[in-house]
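> got a structure for you, letters missing:
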């Protein structure tokens with residue numbers, strides 16, 4: 001704990017009150033005990049207020065001082081507050097009465113430091129210091145130095161004040177609105193406020209030719225409000241410190257600002273930093289809290305033992321230009337007019353600043369959805385284009401296959417020219433013979449009508465036979481006939497093709513054996529296309545056995561029901577050379593052939609036709625020589641033999 005200058009004098013005064021008969025020993029013991037108690041107590045600081053707790057700037061100054069002092073010392077501080085209530089009473093003749101009151105109050109509580117706050121408190125402490133707390137260090141805080149005696153800081157005292165450029169306030173107004181021509185200055189009627197009014201009038205003299213300044217110290221507050229409410233455009237209201245109006249009514253500065261702001265048609269400015277956000281536009285202002293903090297830092301050092309007179313005068317400058325963004329917006333003042341280095345408070349973020357994260361997320365979601373939708377639409381379009389292209393390709397391929405199948409049929413029938421001539425020659429010869437016999441029978445004197453009738457019947461039969469041959473050939477040659485899937489008897493298809501290929505069989509000297517199942521179920525398909533498959537397989541068998549010196553030339557064609565009763569099968573077994581190993585795996589691919597004059601399309605067309613009929617074709621070499629081609633087709637369910645159907649059910 002720091003040594004205190006007033007401790008010894010206090011003990012001496014107390015020692016003189018003790019009876020002399022107690023002796024020096026008792027006095028020494030008493031003195032030692034008092035010193036021990038004094039050394040253990042916390043630091044005592046007396047704060048003398050000018051205006052009590054009703055003036056926010058000084059209240060904020062005191063609060064900041066107290067908090068900073070406790071923070072600086074890191075220990076408890078015994079703080080005492082007294083107030084002159086100068087705003088309400090402000091009478092010099094009351095100072096003596098207050099000094100008497102304070103002397104009695106301090107009889108048992110002597111401070112280690114005195115801090116007067118505000119000009120009235122500073123003047124009071126300077127006047128009564130020697131009487132109330134002689135030798136106690138003093139910090140004059142937020143006091144106008146010109147209001148103090150010249151020697152106020154010489155005797156263990158220092159000064160912490162604030163500087164404010166009053167003419168700078170007018171410059172800031174003109175900067176915000178260059179057309180400003182009228183300023184109303186609101187100040188009260190206390191001695192301090194009249195002093196401020198005099199200083200303000202002196203500071204604005206350079207602007208007198210440009211701006212009209214009106215000081216309303218001699219009006220009541222209601223009259224001030226009426227004057228303000230009628231101000232013309234390009235005016236400003238400069239609020240000083242209205243503690244008491246001319247009618248003697250005391251006011252709270254915050255309430256004054258609130259009521260002025262409600263009626264004023266022009267911007268209102270103030271003097272204190274804390275008023276930004278409470279209705280003033282802003283500017284270079286008193287820093288009330290900073291003054292309290294700086295005072296506390298010096299106070300802590302003094303309480304630790306440093307003499308107060310060792311600290312030079314400290315002047316806290318005005319704050320940087322500080323403005324309320326909401327008031328700037330209210331009065332249409334552009335931020336470009338603010339002084340350089342200005343601080344704008346209470347800026348409300350724009351919709352983008354408030355919601356940019358949500359906007360970005362929403363934009364990303366929308367963009368992602370748009371990309372996905374676009375991708376889906378593009379994919380759909382591409383898929384449709386691909387499907388259309390595939391459909392066209394399949395249609396073209398189908399058309400090419402149909403054309404190729406037609407050409408194959410034409411080429412096959414071209415090879416059957418001799419057979420066709422033979423097939424048609426027989427019925428035509430029979431017709432001719434029967435016609436001649438009929439004429440002879442009719443030329444007799446006694447015509448044999450029955451013989452003529454038989455001849456005509458034979459002519460009719462042979463004519464029908466020739467017509468059937470021509471019809472079958474025409475059906476196989478027609479290209480534009482669409483496939484007609486009807487019920488087809490596979491045995492009838494084989495018999496028809498066998499009759500058509502009779503001439504080729506004779507030319508190749510091949511014996512054809514038909515082993516056709518009597519109970520073979522019908523299938524569903526196009527008879528002409530199935531005839532083409534059978535014809536191709538039989539012609540291939542004829543060619544495979546057409547070799548000089550080969551004695552056995554036999555083709556066995558068998559039909560039967562499949563093992564499960566759901567399919568019909570036909571086997572074409574020859575005794576030729578068989579299937580070469582190099583083409584066995586590619587036998588049914590296009591352009592694969594073992595015949596020198598072949599195109600390699602016959603078996604490929606056969607497989608395509610059977611695929612369309614939901615059938616299959618297979619080939620394998622026989623153990624004894626030659627090859628066997630097997631084709632299968634689905635049986636028509638309603639026409640399956642009952643015994644086979646039961647057998648199929650048993651297999652499943």
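Right, received. Where do you want to start? Remember, predicted model here, so these are calculated numbers, not experimental data.
> only C-alpha atoms for contact and neighbour calcs from this point on.
Noted.
> pLDDT on the one helix or strand residue 494 maps to, on average?
Assigned by DSSP states H and E, residue 494 belongs to helix 490-500. Averaging pLDDT along helix 490-500 yields 89.
> which elements pack onto that helix?
helix 417-443, helix 527-545 (3 or more C-alpha pairs under 8 Å, 6 or more residues apart in numbering; DSSP states H and E).
> which other helices and strands does the longest helix belonging to the chain contact?
Longest helix in the chain, counting residues (DSSP state H): helix 351-415. Packing partners of helix 351-415 (3+ C-alpha pairs under 8 Å, 6+ apart): helix 449-477, helix 602-612.
> 10 Å instead, please
Counting contacts by 3 or more C-alpha pairs under 10 Å, 6 or more residues apart in numbering; DSSP states H and E, helix 351-415 packs against helix 417-443, helix 449-477, helix 527-545, helix 602-612.
> which residues are contacting stretch 204-212?
The contact list for stretch 204-212 (C-alpha atoms under 10 Å, 6 or more residues apart in numbering) reads 166-171, 174, 179-184, 201, 213, 235.
> actually stretch 352-366, not the one I typed
Here stretch 352-366 has contacts from 348-351, 367-372, using C-alpha under 10 Å, 6+ apart.
> quickly name whichever of those is closest to residue 486.
residue 372 (48.9 Å; C-alpha to C-alpha).
> now that closest one: how far from residue 131?
Separation of residue 372 from residue 131 (C-alpha to C-alpha, to the nearest Å): 89 Å.
> swap in residue 173?
Distance from residue 173 to residue 131, by C-alpha to C-alpha: 47 Å.
> ok, residue 338 next?
From residue 338 across to residue 131, the span is 51 Å (C-alpha to C-alpha).
> so if I had to pick from the two, which one is more boxed in?
residue 338 (20 against 12; other C-alpha atoms under 10 Å).
> hmm, back to that, which among the contacts of stretch 352-366 gets closest to residue 488?
residue 372 (52.8 Å).
> give the contact list for that closest one.
Neighbours of residue 372 in contact, by C-alpha under 10 Å, 6+ apart: 366, 378.
> in stretch 158-168, what's buried?
Buried residues in stretch 158-168, defined by neighbour count with 16 or more other C-alpha atoms under 10 Å: 158-164, 166-167.
> how does the chain divide into domains?
Using automatic domain parsing, the domain ranges for the chain come out as 42-162, 166-284+320-345, 423-481, 482-652.
> ok, back up a step: any chance of the contacts of stretch 352-366 in a markdown table, plus distance to residue 140 and pLDDT?
Supplementary listing: the contacts of stretch 352-366 in a markdown table, determined by distance: C-alpha to C-alpha, whole Å; pLDDT from 0 to 100:
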| residue | distance to residue 140 | pLDDT |
| --- | --- | --- |
| 348 | 40 | 86 |
| 349 | 42 | 83 |
| 350 | 46 | 79 |
| 351 | 49 | 80 |
| 367 | 66 | 91 |
| 368 | 68 | 92 |
| 369 | 70 | 91 |
| 370 | 71 | 91 |
| 371 | 72 | 93 |
| 372 | 74 | 92 |
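> show me which pair in these is furthest apart.
Taking C-alpha to C-alpha, no two of the contacts of stretch 352-366 sit farther apart than 348 and 372, at 37.0 Å.
> find me the pLDDT at the spatially most central residue of the chain, would you?
In the chain, the C-alpha nearest the mean C-alpha coordinate belongs to residue 361, at 2.5 Å (C-alpha atoms, centre = their mean). At residue 361, the pLDDT value in this model is 91.
> do the one 3 residues further on as well
Model confidence at residue 364, given as pLDDT, is 91.
> strands along the stretch 1-150 of the chain, start to end?
Secondary structure of the stretch 1-150 of the chain (DSSP state E, counting those that start in this stretch): strands located at 43-49, 77-83, 113-117, 138-141.
> what pairs with the shortest one, parallel or antiparallel?
To tie it back to what came earlier, the one meant is strand 138-141. Paired neighbours of strand 138-141 in the sheet (DSSP bridges): strand 113-117 (parallel), strand 157-162 (parallel).
> how far away from the center of its chain is it?
Strand 138-141 sits 60 Å away from the centroid of its parent chain (C-alpha atoms, centre = their mean, to the nearest Å).
> likewise for stretch 148-163?
A distance of 64 Å separates the centroid of the chain from that of stretch 148-163, by C-alpha atoms, centre = their mean.
> which SS class is the most far-flung residue of the chain relative to its centre?
For the chain, the largest distance from the centre (C-alpha atoms, centre = their mean) belongs to residue 445, which lies 114.4 Å off. Residue 445 falls in the coil class when you classify it by DSSP: H, G, I helix; E, B strand; the rest coil.
> got phi/psi on it?
Main-chain dihedrals, residue 445, degrees, to the nearest 10: phi -60, psi -40.
> and the pLDDT at it?
Residue-level pLDDT assigned to residue 445 equals 81.
> also the one 10 residues further on?
For residue 455, the model assigns a pLDDT of 74.
> please apply the same query to the one 4 residues further on.
Turning to residue 459, the model gives it a pLDDT of 82.
> now swap in residue 107 and tell me
Looking at residue 107, the pLDDT reads 89.
> and it, how far from residue 156?
Taking C-alpha to C-alpha, one finds residue 107 at 22 Å from residue 156.
> neighbour count: these two, which is higher?
Neighbours around residue 107 and residue 156, counted as other C-alpha under 10 Å, are more numerous at residue 156. The numbers are 18 against 10.
> for the more buried one, what are its contacts?
With the criterion set at C-alpha under 10 Å, 6+ apart, residue 156 makes contact with 135-139, 302, 306-311.
> picking up where we left off before, quick check, nearest of the buried residues of stretch 158-168 to residue 123?
Using C-alpha to C-alpha, the buried residues of stretch 158-168 come closest to residue 123 at residue 159, 12.6 Å.
> that closest one against residue 308, yeah?
Yes. Counting by C-alpha atoms under 10 Å, residue 159 does reach residue 308; the two are 9.2 Å apart.
> joint contacts of these two?
Common contacts of residue 159 and residue 308, defined by C-alpha under 10 Å, 6+ apart, comprise 138-139, 153, 298.
> just those residues now: which is nearest residue 603?
Of these, the one sitting nearest to residue 603 (C-alpha to C-alpha) turns out to be residue 298, at 113.5 Å.
> check which helix or strand that closest one maps to.
Using DSSP H and E, residue 298 falls within helix 288-303.
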